[in-house]
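Visitor: A structural model of the following input is requested.
(chains A and B, ligands or ions: 1)
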Amino acid sequence: MAAAAVLDGTPAVVDWPDRYHHVDQILDKPGPRTDPSFLAGNEVKDFLRNKCKILVIGAGGLGCEILANLALSGFKDIHVIDMDTIDISNLNRQFLFRPKDVGKPKAIVAAEFIMKRVPGVIVSPYYGKIQDKDDDYYMQFNLVICGLDSVEARRWINATLVNLVDPENPESLKPLIDGGTEGFKGQARVILPTVSSCYECSLDMLNKPTAFPICTIANTPRLPEHCIEWASVLEWPRVFGDKKLDTDDPEHISWLYTTASARAKEFKIEGVTWSLTQGVVKNIIPAIASTNAIIAASCCNEAFKIATSSAAYLNNYFMLIGVDGVYSYTFEHEKRDDCPVCGGEALDISISKEWTVDRLIEMLIEKQDIQIKKPSLSTTTKQIYFQAPPQLEELTRPNLEKKVSELIEDGDHITVTASTLPFNLTLRIKYV
Amino acid sequence: MSQILSMKKNEDAAKKRKPKTSAAQIRVQKDLTELELSSTMKTHFPDPTDLLNFTLTITPDEGMYKGGAFNFSVNINTNYPHEPPKVKCTQTIYHPNVDLEGNVCLNILREDWKPVLNLNSVLVGMQYLFLEPNADDPLNKEAAEELRRNRDQFIFNVKSSMRGGNLKGVQYDKVLVQ
Ligand SMILES: [Zn+2]
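Guide: The predicted structure follows:
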């Protein structure tokens, strides 16, 4: 480490001596399980160290670990996105941050820390939302690693990367490595968009947040959590009407805490605290630093194997349960035919410019290979024809007489759903 | 990386590029266009281009709530079906499982929601609440107690509330349509 020099604020491009001694043991020669396409020696090192561009989404508990692991294993062009700022409660496990950093953007502080600590690595931060970036932005990366705590953000990046895949362009396939932890449990998975099971395919495997029956909250509270939910679910809207509860606003949390405490007193329940109140309404599951470390290590291990082809990568789901002892299980999660993101079928359909919507629907019904009954059609922005409910059927009925070409441009897509189709069907319309 | 890149070339099930319709949007289209609305249920979209927000009107044709029209707002967020739709009664009604703020106690709207359920399941559940009000899961405690203690008095209260009556200081909305 001694030779690392930071000159006038810009990281030195020279690596310290023997920096790669250990990693090169893996990259200099093939092993028993290396892929035939593995290019041992300089070629693979050149790719990893000079060409590979990797995106890390999230610079929190998992993200800090991921960034450090990637930088130390030899990735040199790392980008990181995070929309949060540093909170004092993060400091126990998000080890790239110090007390002086509280209030600053996580992505920026994390990037600076890594560049200072591991000279030669460039970390480009973006402080904002993943949704701010477009397809061109995501296209520049070779790999994406996610260390997120939000289902919504994961669904978005998953769908974006699946949509990015263009069969004509192999470079458009961006492997997505997704890590997630919840207390002592965690998972790491490799998603090859359109090829293997995607995040949406496994949506029903998720543990749902614990919700208590609303009548228990209203009438027979027994736990401090019941009192907190009473304050947030029933009392807040009753007192403040349409004003939205902001779980990041300390004043809102204080109001909930006071209200929940009064309720707890009334029912002789103990244990309502400020931090429990925050934990319940933000649905915080205590983060465990060691779980984050294991999952981040697994994700970065996969990133390294995929980027270098030096060993077989995970196929495709690794699950860790550290509640009693350390149990792990690896299996292949299967792609779902009815997945709304990666499943379904896409058909190219060539029709005359004179065809009406009615004629198109008739053609779909007659098509032997799809066996469709009562199809409903839409584009990304408008409804073309809906079979139900009655109001929407009536509103879209006039479209049946219109020409498809009045509603849809050449090359545009139509999303078709029907009760007889377990998945959705995408039509790409071509006019002849 | 070459391993991954070559894999895609061999994959002949390669999908055509699809439009950017969100998974939630497709699910909502599928759920809505497959709704089996009986004559006692009606949906209304104030803005027909917005499929995520609509009102549901239930007009029971049997049971003690027969003759009333009960309105609910249904809001679906972009994390559907990971999260259940939010359903609230927009009137003040006398029902053991609906409180005066319009909160509804129905298990599949909260603790028992699963992504495999759909809008049809929610609508069926809502309709069931009016056929079989349930005194065991009370949100309006007084109504629940009345139902348990004296069914005839409860039915009398229901009828009176539906006419826009006042019960124990609470003014209920007139919901009678026939
Ligand atoms: Zn999928």
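Visitor: quick one, grab the pLDDT at B:Ser6.
Guide: For B:Ser6, the pLDDT comes out at 69.
Visitor: pLDDT on stretch A:181-201, on average?
Guide: For stretch A:181-201, the mean pLDDT works out to 95.
Visitor: distance between the ends of that stretch?
Guide: Using C-alpha to C-alpha, to the nearest Å, one end of stretch A:181-201 lies 19 Å from the other.
Visitor: which positions within that stretch qualify as buried?
Guide: Within stretch A:181-201, the residues that qualify as buried by neighbour count (16 or more other C-beta atoms under 10 Å in any protein chain shown) are A:181, A:184-201. Glycine gets a C-beta too; all of them are placed from N, C-alpha and C.
Visitor: that stretch: how far from the chain's middle?
Guide: 9 Å (C-alpha atoms, centre = their mean, to the nearest Å).
Visitor: which ones are touching B:Thr57?
Guide: Residues near B:Thr57 by C-beta atoms under 8 Å, 6 or more residues apart in numbering or on different chains: B:Met41, B:Lys42, B:Thr43, B:His44, B:Ala69, B:Phe70, B:Asn71, B:Phe72.
Visitor: report the beta-bridge partners for the closest residue to B:Gln127 other than its chain neighbours.
Guide: Counting by C-beta to C-beta, 6 or more residues apart in numbering or on different chains, B:Gln127 lies nearest to B:Ile58, which is 5.9 Å off, once chain neighbours are set aside. Per DSSP bridges, the residues bridged to B:Ile58 are B:Met41, B:Phe70.
Visitor: hang on, the earlier thing: with neighbour count, pLDDT and distance to A:Arg49 added, can I get the contacts of B:Thr57 in CSV?
Guide: Shown next, in CSV, are the contacts of B:Thr57 (neighbours: other C-beta atoms under 10 Å in any protein chain shown; pLDDT from 0 to 100; distance: C-beta to C-beta, whole Å):
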residue, neighbour count, pLDDT, distance to A:Arg49
B:Met41, 18, 95, 63
B:Lys42, 17, 95, 64
B:Thr43, 20, 96, 58
B:His44, 13, 96, 61
B:Ala69, 17, 97, 70
B:Phe70, 23, 97, 66
B:Asn71, 18, 97, 64
B:Phe72, 21, 97, 60
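Visitor: can you list the low-confidence ranges for chain B?
Guide: Within chain B, the segments meeting pLDDT under 70 span B:6-20, B:178.
Visitor: return the nearest residue of it with respect to the ion.
Guide: Evaluated by C-beta to the ion, chain B has B:Ala23 as its residue closest to the ion, separated by 8.7 Å.
Visitor: in chain B, which spans are strands?
Guide: Using DSSP state E, the strands of chain B run over B:41-44, B:53-58, B:70-75, B:86-89, B:166-167, B:170-171.
Visitor: contacts only, for residue 176.
Guide: No chain was given, so I picked chain A. A:Val144, A:Ile145, A:Cys146, A:Ile157, A:Asn158, A:Leu161, A:Val190, A:Ile191, A:Leu192, A:Pro193, A:Tyr199.
Visitor: I was after chain B.
Guide: Residues near B:Leu176 by C-beta under 8 Å, 6+ apart: B:Gly67, B:Gly68, B:Ala69, B:Met162, B:Arg163, B:Gly164.
Visitor: closest to chain A among these?
Guide: If you rank these by distance to chain A using C-beta to the nearest C-beta, B:Ala69 comes first, at 16.0 Å.
Visitor: contacts for stretch A:290-304?
Guide: Contacts of stretch A:290-304 (C-beta under 8 Å, 6+ apart): A:48, A:54, A:61-62, A:65-66, A:69-70, A:73-75, A:93, A:143, A:145, A:147, A:177-181, A:183-188, A:190, A:310, A:313-314, A:318, A:320, A:322.
Visitor: go with 7 Å
Guide: Contact with stretch A:290-304 is made by A:54, A:61-62, A:65-66, A:69-70, A:73, A:93, A:143, A:145, A:147, A:177, A:179, A:181, A:184, A:186, A:188, A:190, A:313-314, A:318, A:320, A:322, as judged by C-beta atoms under 7 Å, 6 or more residues apart in numbering or on different chains.
Visitor: tell me how far the nearest residue to A:Val432 once chain neighbours are set aside lies from A:Glu406.
Guide: Excluding the flanking residues, the one nearest A:Val432 by C-beta to C-beta, 6+ apart is A:Ser350, at 4.9 Å. Distance, A:Ser350 to A:Glu406, by C-beta to C-beta, to the nearest Å: 18 Å.
Visitor: please enumerate the helices of the stretch 251-400 of chain A.
Guide: Assigned by DSSP state H, counting those that start in this stretch, the helices in the stretch 251-400 of chain A fall at A:274-281, A:289-308, A:357-366, A:390-396.
Visitor: for the first one, list every residue counted as buried.
Guide: Buried residues in helix A:274-281, counting neighbours by 16+ other C-beta under 10 Å, are found at A:Leu276, A:Thr277, A:Gln278, A:Val280, A:Val281.
Visitor: quick check: the farthest pair among those?
Guide: Largest separation among those by C-beta to C-beta: A:Leu276 and A:Val281, giving 9.7 Å.
Visitor: list residues touching both of the two?
Guide: In contact with both A:Leu276 and A:Val281: A:Ile228, using C-beta under 7 Å, 6+ apart.
Visitor: what about A:Glu334, how many neighbours?
Guide: 12 (other C-beta atoms under 10 Å in any protein chain shown).
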